[in-house]
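Student: build the 3D model from these lines:
(chains A and B)
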Amino acid sequence: MIALTLPAQDGGSFNPPGVNSHLAPLFTIGDFEFTKQMLLVLLSVALISWFFVAAARKGKLVPGKLQFAGEVGYNFVRNSVAKDVIGGKDFMKYVPLLFSLFFFILINNIYGAIPFIQLPSFSHVGGAYLLAALVYVIWIGAGLKVNGIRFLKLAVVPSGVPWYILPLVVPIEIISNFLVRPMTHSLRLFATMLAGHLIVLIAGSGIEFLIMQESALMKGASVLVLAGSVAMYMLEALIMVLQAYVFVLLTAIYIEGAVHADSH
Amino acid sequence: MNSLMISAASDAVAENPLVPNGWEILVVAVGFAILMFIVVKFVVPMFEKTFAERTEAIEGGIAKAEKAQAEATEALNEYKQQLTDARAEANRIREEARAEGALILADLKDKAAAESARITEQAQVAIAAERQAAVVSLRAEVGSLATTLAGRIVGESLNDDERSTRVVDRFLADLEDQGTSKQSAGALQ
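Tutor: As a prediction, the model looks like this:
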């Protein structure tokens, strides 16, 4: 990344934080650097597990506040995503996966909106690759299990297409379904989170840099950056929730396409 | 903030953000595996159990209400039927009583009529007998009285029994003839 450099009156220059700006690891064991991002990932697992186990454990017919909140969250994934998209008899099989994915990504994204934490875990690409790969394996596995080896044909040969167009369509389908799909699935999440994270970092360090300047005009400009960063914060918060939903919705759509490949 | 960062400027080699850190992948994998385990083992079964129980409770409640409704309707029909039966029974008993009463009345009337007829007949027979007796007695007494009277009036000439009896008989026969014609004339009237 080319660093954006602004000349400044005091001779110093503004070095904006970039993709290579990382906090120092919390501790290291040999080659293993335990970072803040890893701590947050593990914390999210503990938070989600604690919340939903506590909410589900009582299992009252007339739920209390905590149970009701848990049920709303669970039912959102179960009914609005799994049931509505996959439907049929076998949607329940995928509810645990979709549920775990949604809240895992949601909490890890929302970290980016919490002051002092402000680090969405998926701004580091590894986790996004892993989850997209997991989904990739699962939807192909489900397609093969339901449709047998015929699934590979069903997945790349759309029905109702004239035979003479097939040589054109089949390569496109192979590329789009088996190569591009996992990439877009992971990069969409990673890129939105990284961009949001960078905007927060750049705005923060920009404000700091501007306030340190001697010129009153430059100091005043920091207010504009602050106002802009608040607006961006709102937008980022929306995107954080939206990307968790999009990731899970796409997972459900991929699984549905694979399981019901016959009817597509 | 900047002091905490190993900034790009200090790093000789720029990192490509698309190249993942293996350790990060491992941590996410372990974390997500733990989460999946807890969700599959506890969260989903507990929620689904609650939902199933809730559905059952609601449907059970509806079924129970329907059953109670059916029972109530059945009981109502039964009561109505019993009421109708009771009314019919009461009507029947009333009719029977009325018929029986009428029968008894008719019987009594018959008996009374028969009794009165019998009494009347007996009375008539008694009257006839008494009348006959009276007639016989009268005939004897009137005869002797008349003879005595006539004897007294006409003297001993008429003491001859045979003649006197003949005279009295003829006299009485005449008397009877008059009476009979009188009676028949009365009957005609």
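
Student: every contact and neighbour count from this point should use C-alpha atoms.
Tutor: Fine.

Student: so is the helix or strand where residue A:110 lies next to chain B?
Tutor: Per DSSP states H and E: residue A:110 is located in helix A:95-110. Yes. On the criterion CA under 8 Å from any CA of the partner chain, helix A:95-110 is in touch with chain B at A:96, A:97, A:100, A:104.

Student: pLDDT value on the first one, please?
Tutor: The predicted local distance difference test score for residue A:96 is 95.

Student: wait, it sits on residue B:38?
Tutor: No. Counting by CA atoms under 8 Å, residue A:96 does not reach residue B:38; the two are 9.6 Å apart.

Student: who's more crowded, the two?
Tutor: Higher neighbour count among residue A:96 and residue B:38: residue A:96, with 24 against 20, using other CA atoms under 10 Å in any protein chain shown.

Student: buried ones in the helix or strand hosting residue A:134?
Tutor: Residue A:134 belongs to helix A:125-147 when assigned by DSSP H and E. Neighbour-count burial for helix A:125-147 flags A:125-132, A:135-136, A:138-144, A:146-147 (criterion: 16 or more other CA atoms under 10 Å in any protein chain shown).

Student: now swap in stretch A:256-264 and tell me
Tutor: For stretch A:256-264, burial by neighbour count (16+ other CA under 10 Å) applies to A:256, A:257, A:258, A:259, A:260, A:261.

Student: of all of the stretch 51-200 of chain A, which residue lies closest to chain B?
Tutor: Residue nearest to chain B within the stretch 51-200 of chain A: residue A:126 (4.5 Å; CA to the nearest CA).

Student: flag every residue of the stretch 101-250 of chain A that's near chain B.
Tutor: A:104, A:124, A:125, A:126, A:127, A:129, A:130, A:205.

Student: so the second one sits against residue A:190, correct?
Tutor: So the one you mean is residue A:124. Yes. The criterion here is CA under 8 Å, and residue A:124 meets it with residue A:190 at 6.8 Å.

Student: and the two? Which one has more around it.
Tutor: residue A:190 (26 against 23).

Student: you'd agree that one is up against residue A:130?
Tutor: No. Counting by CA under 8 Å, residue A:190 sits too far from residue A:130 to count as a contact (11.3 Å).

Student: residues near residue A:47, how many?
Tutor: Residues lying near residue A:47 (other CA under 10 Å) number 16.

Student: distance of it from residue A:54?
Tutor: As defined by CA to CA, to the nearest Å, residue A:47 lies at a distance of 11 Å from residue A:54.

Student: grab the longest helix from chain B for me.
Tutor: Secondary structure of chain B per DSSP state H: the longest helix is helix B:44-154.

Student: packing partners for the helix or strand following it?
Tutor: Moving toward the C-terminus from helix B:44-154, the next helix or strand (DSSP H and E) is helix B:161-188. Contacts defined by 3 or more CA pairs under 8 Å, 6 or more residues apart in numbering or on different chains; DSSP states H and E place helix B:161-188 against helix B:44-154.

Student: quick one: the helix it packs on to helix A:95-110, angle?
Tutor: Counting by axes from the mean of the first three to the mean of the last three CA atoms, to 10 degrees, helix B:44-154 lies at 130 degrees to helix A:95-110.

Student: for the most centrally placed residue in chain A, give me its contacts.
Tutor: Centrality entry for chain A: nearest residue to the mean C-alpha point is residue A:189, 3.7 Å, by CA atoms, centre = their mean. If you count contacts by CA atoms under 8 Å, 6 or more residues apart in numbering or on different chains, residue A:189 has them with A:122, A:128, A:243, A:244, A:247.

Student: next one: residue B:27
Tutor: Neighbours of residue B:27 in contact, by CA under 8 Å, 6+ apart: A:38, A:41, A:42.

Student: by neighbour count, which of those residues wins?
Tutor: With neighbours taken as other CA under 10 Å, the top of these is residue A:41, carrying 27 neighbours.

Student: distance of it from chain B?
Tutor: Distance, residue A:41 to chain B, by CA to the nearest CA, to the nearest Å: 6 Å.

Student: can you give me phi and psi for that residue?
Tutor: Taking degrees, to the nearest 10, you get phi -60, psi -50 for the backbone angles of residue A:41.

Student: skipping its backbone neighbours, what lies nearest residue A:32 in space?
Tutor: Spatial nearest neighbour of residue A:32, excluding adjacent residues (CA to CA, 6 or more residues apart in numbering or on different chains): residue B:23 at 6.9 Å.

Student: so where's the chain shaky on pLDDT?
Tutor: All of this is about chain A. Residue ranges of chain A with pLDDT under 70: A:1-12, A:20, A:264.

Student: my question was about chain B
Tutor: In chain B, residues with pLDDT under 70: B:1-14, B:151-160, B:182-189.

Student: show me where chain A has its helices.
Tutor: Here chain A has its helices, by DSSP H, at A:36-57, A:65-75, A:95-110, A:125-147, A:150-156, A:166-174, A:181-212, A:216-259.

Student: looking at those helices, which is buried most?
Tutor: Of all the helices of chain A, helix A:95-110 carries the top mean neighbour count, a mean of 24, counting by mean count of other CA atoms under 10 Å in any protein chain shown.

Student: can you give me how far that one is from the chain middle?
Tutor: Centroid separation for helix A:95-110 versus its chain: 9 Å, with CA atoms, centre = their mean, to the nearest Å.

Student: counting by contacts, list what it packs against.
Tutor: Judged by 3+ CA pairs under 8 Å, 6+ apart, the packing partners of helix A:95-110 are helix A:36-57, helix A:216-259, helix B:22-38.

Student: contacts only, for residue B:163.
Tutor: So residue B:163 contacts nothing (CA under 8 Å, 6+ apart).

Student: what's residue A:158 sitting at in phi/psi?
Tutor: phi -70, psi 140.

Student: distance of it relative to residue A:263?
Tutor: Applying CA to CA, the value for residue A:158 to residue A:263 is 10 Å.

Student: quick one: the residue nearest to residue A:52 when sequence neighbours are not counted from residue A:239, how far?
Tutor: Excluding the flanking residues, the one nearest residue A:52 by CA to CA, 6+ apart is residue A:70, at 5.8 Å. Distance of residue A:70 to residue A:239, given as CA to CA: 22 Å.

Student: and for residue A:147?
Tutor: In terms of CA to CA, residue A:147 sits 36 Å off from residue A:239.

Student: repeat for residue A:215
Tutor: As judged by CA to CA, residue A:215 and residue A:239 stand 36 Å apart.

Student: what does stretch A:54-73 rub up against?
Tutor: A:51, A:52, B:43, B:46, B:47, B:49, B:50, B:51, B:53, B:54.

Student: if you set the cut-off to 6 Å instead, what comes out?
Tutor: Residues outside stretch A:54-73 that contact it (CA atoms under 6 Å, 6 or more residues apart in numbering or on different chains): A:52, B:46, B:47, B:50, B:54.
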